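Student: Build me a structure from this.
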Amino acid sequence: MDRSISFNSSSAIQTLSIQFPNIIKVTSFSIEELQAVAKFRVFEVEDQVAYIHTHVDCSYLEELPRSQPKLDENRIFCFIATQLNMSDRARTDKDLSQEQANTLFQQIQSLSLPMKKLKSQFYIRYNEQSSNATILASNSLYQYNVYLHLPEKERMKNLSH
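Tutor: Numbers count the residues shown, from 1 in each chain. Here you go, the predicted model:
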């Protein structure tokens, strides 16, 4: 794989966290650099496959509880996905959140197509030693989030268009 992307000196390159040194934020204002990134979404760095995620929001969660069952990327996704579909009040109910996340986790190997699409909008990395997580969420997730919170009548109207 001979794909190289060179960034000029005005580009800002930073590691987001010392616990996740493989996640690097690059900010560029060069059209040429942005075109190169758009062309190569996957490339190789020292025999390691690297993925480029453009236009994402990054969240960093520290000191996550070391609970049973053990946390991992799939379980974190399940908590996010179930809470996206909950009201603000329901999200504060720890037991309900846990129960719904566990139910979704039991189905993780056979997710529905909409849930698979939602999962593809996230890049989640969990560091078990530090109990921290980095979550990259696609900007298109906003559209999904808005859709989930529309009243049922509005959802049906949007689906018919």
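Student: ok so Ile24 is a strand residue?
Tutor: Yes - under DSSP: H, G, I helix; E, B strand; the rest coil, Ile24 falls within a strand.
Student: That one pairs with what?
Tutor: Ile24 has these beta-bridge partners by DSSP bridges: Thr15.
Student: Kindly report the domain assignment for this protein.
Tutor: 12-54, 58-150 (automatic domain parsing).
Student: okay, those, which one's buried deepest?
Tutor: Greatest average neighbour count among the domains of the chain goes to domain 58-150 (a mean of 14), per mean count of other Cβ atoms under 10 Å. C-betas here are computed from N, CA, C, even on glycine.
Student: And the strands in this structure, which stretches?
Tutor: 12-17, 20-27, 42-45, 48-51, 56-61, 122-127, 132-138 (DSSP state E).
Student: Mind exporting the C-alpha coordinates of the second one to PDB?
Tutor: Presented in PDB, the C-alpha positions along strand 20-27 are these (Å, rounded to 0.1, in the frame of the first residue of the first chain):
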ATOM      1  CA  PHE A  20      -4.400   6.700  23.200                       C
ATOM      2  CA  PRO A  21      -1.200   7.600  21.300                       C
ATOM      3  CA  ASN A  22      -2.600   6.100  18.100                       C
ATOM      4  CA  ILE A  23      -5.400   8.700  17.900                       C
ATOM      5  CA  ILE A  24      -4.100  11.800  16.300                       C
ATOM      6  CA  LYS A  25      -5.900  15.000  15.500                       C
ATOM      7  CA  VAL A  26      -4.800  16.800  12.400                       C
ATOM      8  CA  THR A  27      -6.200  20.300  11.600                       C
END
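Student: What is it packed up against?
Tutor: strand 12-17, strand 122-127, strand 132-138 (3 or more Cβ pairs under 8 Å, 6 or more residues apart in numbering; DSSP states H and E).
Student: Same question for the first one.
Tutor: Counting contacts by 3+ Cβ pairs under 8 Å, 6+ apart, the secondary-structure elements packed against strand 12-17 are strand 20-27, strand 56-61, strand 132-138.
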